[in-house]
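In: next comes the sequence, and after it the predicted model I'd like to discuss.
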Amino acid sequence: SIWRHPEGGGTIYVGNQSAAENLTLLKSYGITHVVNCTFGASKIPDFHVGKLSYYNFAISHWQNYCNSTNASVIAFSAPMFEFVENATRNGESVLIHCLAGAHRAGTTGCACL
């Protein structure tokens with residue numbers, strides 16, 4: 001885990017495709033929400049639609065959504081931050097993942113701090 005909400009108690013975890021596929025593992029950590037940081041031709045499926053809540057965050061394609069303004073970066077990132085904040089504030093935990101759990105997911109997880 002990288003962060004726990006101080007009031008709600010929900011936790012943010014950063015992981016890889018293997019973690020995202022393993023529903024038993026996710027449930028054992030109380031994960032009810034998933035941020036999938038993959039997109040396009042390399043998109044990993046949302047494995048447990050109907051059992052978990054998903055937000056797809058195309059961080060590797062940020063340049064398609066952002067220009068040189070802070071407002072565009074905020075507009076791109078704010079829905080993901082809201083998804084994570086709402087879950088953790090309500091005591092639900094979130095997995096942020098990509099293929100390896102390092103670059104896209106790690107960057108996104110750090111941004112949530």
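Out: Arrived safely.

In: name the element the residue nearest the centre of the chain belongs to?
Out: The centre of the chain sits closest to residue 35, judged by CA atoms, centre = their mean, with a distance of 2.5 Å. Residue 35 belongs to strand 31-36 when assigned by DSSP states H and E.

In: from the contact counts, what lies against that strand?
Out: strand 53-56, helix 70-89, strand 93-97 (3 or more CB pairs under 8 Å, 6 or more residues apart in numbering; DSSP states H and E). Where C-beta positions appear, they are placed from N, C-alpha and C, glycine not excepted.

In: just these: most buried one?
Out: strand 93-97 (a mean of 26; mean count of other CB atoms under 10 Å).

In: could you dump the following helix or strand past that strand to PDB, C-alpha only?
Out: Later in the chain than strand 93-97, the nearest helix or strand by DSSP H and E is helix 104-112. Taking Å, rounded to 0.1, in the frame of the first residue of the first chain, the C-alpha atoms of helix 104-112 are listed here in PDB:
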ATOM      1  CA  ARG A 104       2.100   4.200 -15.500                       C
ATOM      2  CA  ALA A 105       0.600   2.900 -12.300                       C
ATOM      3  CA  GLY A 106       3.500   4.100 -10.200                       C
ATOM      4  CA  THR A 107       3.200   7.600 -11.600                       C
ATOM      5  CA  THR A 108      -0.500   7.700 -11.100                       C
ATOM      6  CA  GLY A 109      -0.200   6.400  -7.600                       C
ATOM      7  CA  CYS A 110       2.300   9.000  -6.700                       C
ATOM      8  CA  ALA A 111       0.100  11.700  -8.200                       C
ATOM      9  CA  CYS A 112      -2.700  10.600  -5.800                       C
END
